[in-house]
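> Following is a predicted model, sequence given first.
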Amino acid sequence: MKTLYLECNMGAAGDMLMAALLELHDNRQKFLDDLNNAGIPGVTVNAVPSVKCGITGTRINVEINGQEEGDHDHHHHHIYNDNHKHHGPDDHHHDHRNHNDEHHHEKHHSHTHHNTHHHHSYHDIEHLIAGLKISDFVKKNALGVYKLIAEAESRAHGIPVDKIHFHEVGEMDAVADITGVCMLIEELAPDAILSSPINVGSGHVHCQHGVLPVPAPATAFILHNVPVYNNEIQSELCTPTGAALLKHFVNQFCKIPVISIDKCGYGMGKKDFYSANCVRAFIGNTQGVNEYVTELVCSLDDMTPEALSFAQQLLLDNGALDVYTTPIGMKKGRQGLSLTCMCRNDQKEKILALIFKHTSTIGIREYVSRRYTLRKEKSEIQTKFGPVKIKTSRGFGVVKSKPEYEDIAKIASETGKSILEILNEIEFE
């Protein structure tokens with residue numbers, strides 16, 4: 001299985017993730033050309049070598065109308081209500097300046113704010129992304145990341161999502177970071193994306209309008225159900241943009257699995273610490289997937305088959321890995337069913353709510369299990385009946401293949417043959 005593993009021992013920001021993934025790309029200049037031609041207003045993105053603690057990696061520079069993003073004080077893209085009154089900081093990028101530098105840039109920002117009245121609402125950002133020259137995959141995922149950020153800002157600052165406004169120039173930095181990461185994910189095309197627990201840093205963030213704890217409120221909301229920690233580094237290491245990208249794309253937060261590494265990339269931040277300030281990305285092949293999953297179990301004896309069938313399908317439609325029932329004997333000799341729903345740990349709260357809402361249970365038991373799976377591949381073969389999709393599972397020294405049931409059933413309906421006859425007449429590995 002082609003697996004991407006992100007090591008976030010020094011947190012993550014959008015530009016760091018983009019730089020790390022870019023180092024895994026076979027044609028970096030083509031990617032930069034594609035991103036720069038996507039149509040993000042006034043934005044030019046380039047990559048430069050960067051050295052941290054003796055390690056060479058890549059740093060991403062974003063220029064807005066010819067000026068590097070660090071030349072403005074727009075690392076904090078601020079939140080405004082409809083009256084443009086400031087409510088709080090948004091994306092505190094990973095390279096916070098020292099207090100003297102912050103003070104200087106805050107003065108600059110205060111000056112420019114009085115002369116600049118352009119702000120983007122959340123719906124403006126949606127419209128902007130929808131109009132970019134990028135694939136549908138990138139648009140869909142970029143909008144998904146922005147939805148996480150907007151919802152977190154809404155909760156953190158007590159402003160409805162449709163009332164949130166972002167500062168025009170600073171927001172273009174984040175659009176570039178998010179779009180670039182989504183493009184790279186599409187082009188690298190990993191089968192699974194894993195990440196280490198995230199170091200969020202510690203201390204406080206000094207912003208123009210006050211002092212906030214680390215992680216910043218929006219970041220903390222985004223990172224619900226994600227394993228995080230801090231250490232003695234007094235700085236914000238994970239930004240809302242970085243947190244949202246990880247929350248959106250990562251399938252599992254875990255230690256690095258057994259992996260045959262093809263490439264390793266280093267995405268550098270701008271600030272220097274005693275540890276190398278970077279996101280490290282590995283891409284390679286794993287034998288299969290092993291992960292911890294949650295099994296939620298309840299006993300039922302008073303539901304109709306139709307209602308239970310509806311609940312099972314609803315759970316599967318909302319991300320459950322598997323749902324099944326087992327006959328059991330209950331109190332007072334009643335015959336019942338044990339409902340088992342398997343889900344990933346970060347889905348547990350949503351799945352719990354659905355089980356309580358759509359079944360008659362008043363209690364659910366939780367079991368945490370380790371799950372091993374083969375890596376899955378899909379292909380298509382041509383048969384005398386037409387194209388048939390094949391599902392192949394590999395790993396742990398075995399290969400298992402079978403045709404897609406829906407394709408075989410369709411052929412059976414069209415030909416009048418039985419499923420067994422059709423299976424005997426087609427060849428597949």
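On my side now, so go ahead.

> Contacts only, for residue 196.
Going by CB atoms under 8 Å, 6 or more residues apart in numbering, residue 196 touches 5-9, 253-256. Where you see a C-beta, it was placed from the backbone N, CA and C, and this is true even at glycine.

> out of the residues you listed, who's nearest residue 231?
Using CB to CB, residue 9 comes nearest to residue 231 of those, at 9.1 Å.

> residue ranges for the strands of the stretch 1-150 of the chain, please.
Assigned by DSSP state E, counting those that start in this stretch, the stretch 1-150 of the chain shows strands spanning 2-7, 43-52, 55-64, 67-68, 79-80, 86-88, 119-121.

> Those: lowest mean pLDDT?
For these, mean pLDDT drops lowest on strand 86-88, to a mean of 36.

> lowest confidence element among the helices and strands of the chain?
helix 99-115 (a mean of 34; mean pLDDT, DSSP states H and E).

> so where's the stretch 151-300 of the chain shaky on pLDDT?
Regions of the stretch 151-300 of the chain meeting the criterion pLDDT under 70 cover residues 164-170, 207-209, 288-290.

> run the last query once more with 80
Across the stretch 151-300 of the chain, residues meeting the criterion (pLDDT under 80) sit at 156-157, 161-171, 205-210, 232, 287-292.

> Please, where are all the helices along it?
Using DSSP state H, counting those that start in this stretch, the helices of the stretch 151-300 of the chain run over 168-188, 217-222, 240-249.

> The second one packs against which elements?
If I follow you right, that is helix 217-222. Counting contacts by 3 or more CB pairs under 8 Å, 6 or more residues apart in numbering; DSSP states H and E, helix 217-222 packs against helix 136-157, helix 240-249.

> How about the last one?
Helix 240-249 is packed against helix 14-22, helix 136-157, helix 168-188, helix 217-222, with contacts defined by 3+ CB pairs under 8 Å, 6+ apart.

> which residues are in contact with it?
Here helix 240-249 makes contact (CB under 8 Å, 6+ apart) with 6, 8, 11-14, 16-17, 90-94, 141, 144-146, 148-149, 152-153, 174, 177-178, 181, 185, 193, 195, 198, 215-216, 218-219, 222-223, 226.

> and if we set it to 7 Å?
Outside helix 240-249, the residues that touch it by CB atoms under 7 Å, 6 or more residues apart in numbering are 11-14, 16-17, 90-91, 141, 144-145, 148-149, 152, 174, 177-178, 181, 185, 193, 195, 198, 216, 218-219, 222-223, 226.

> how deep is residue 351 tucked in, by neighbour count?
Residue 351 has 22 neighbours, counted by other CB atoms under 10 Å.

> I'd say it and residue 296 touch.
Yes: using CB atoms under 7 Å, residue 351 is in contact with residue 296, at 6.2 Å.

> Mutual contacts of those two, please.
Residues touching both residue 351 and residue 296 (CB under 7 Å, 6+ apart) are 341, 343.

> picking up where we left off before, can you redo the strands of the stretch 1-150 of the chain as JSON lines with mean neighbour count and distance to residue 158?
Shown next, in JSON lines, are those (neighbours: other CB atoms under 10 Å; distance: least, CB to CB, whole Å):
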{"stretch": "strand 2-7", "mean neighbour count": "22", "distance to residue 158": "32"}
{"stretch": "strand 43-52", "mean neighbour count": "16", "distance to residue 158": "31"}
{"stretch": "strand 55-64", "mean neighbour count": "20", "distance to residue 158": "29"}
{"stretch": "strand 67-68", "mean neighbour count": "13", "distance to residue 158": "33"}
{"stretch": "strand 79-80", "mean neighbour count": "22", "distance to residue 158": "10"}
{"stretch": "strand 86-88", "mean neighbour count": "18", "distance to residue 158": "8"}
{"stretch": "strand 119-121", "mean neighbour count": "19", "distance to residue 158": "17"}
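
> These: which one's closest to residue 260?
For residue 260, the closest of these is strand 2-7, at 9.4 Å, according to CB to CB.

> list the helices and strands that closest one packs on?
Judged by 3 or more CB pairs under 7 Å, 6 or more residues apart in numbering; DSSP states H and E, strand 2-7 is in contact with strand 192-195, strand 278-285.

> will you turn those into JSON lines that also has mean neighbour count and distance to residue 270?
Shown next, in JSON lines, are the helices and strands packed on strand 2-7 (neighbours: other CB under 10 Å; distance: least, CB to CB, whole Å):
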{"stretch": "strand 192-195", "mean neighbour count": "21", "distance to residue 270": "22"}
{"stretch": "strand 278-285", "mean neighbour count": "22", "distance to residue 270": "11"}
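
> With respect to residue 237, which of the ones you listed lies nearest?
Here strand 278-285 is closest among those (CB to CB), at 10.2 Å.
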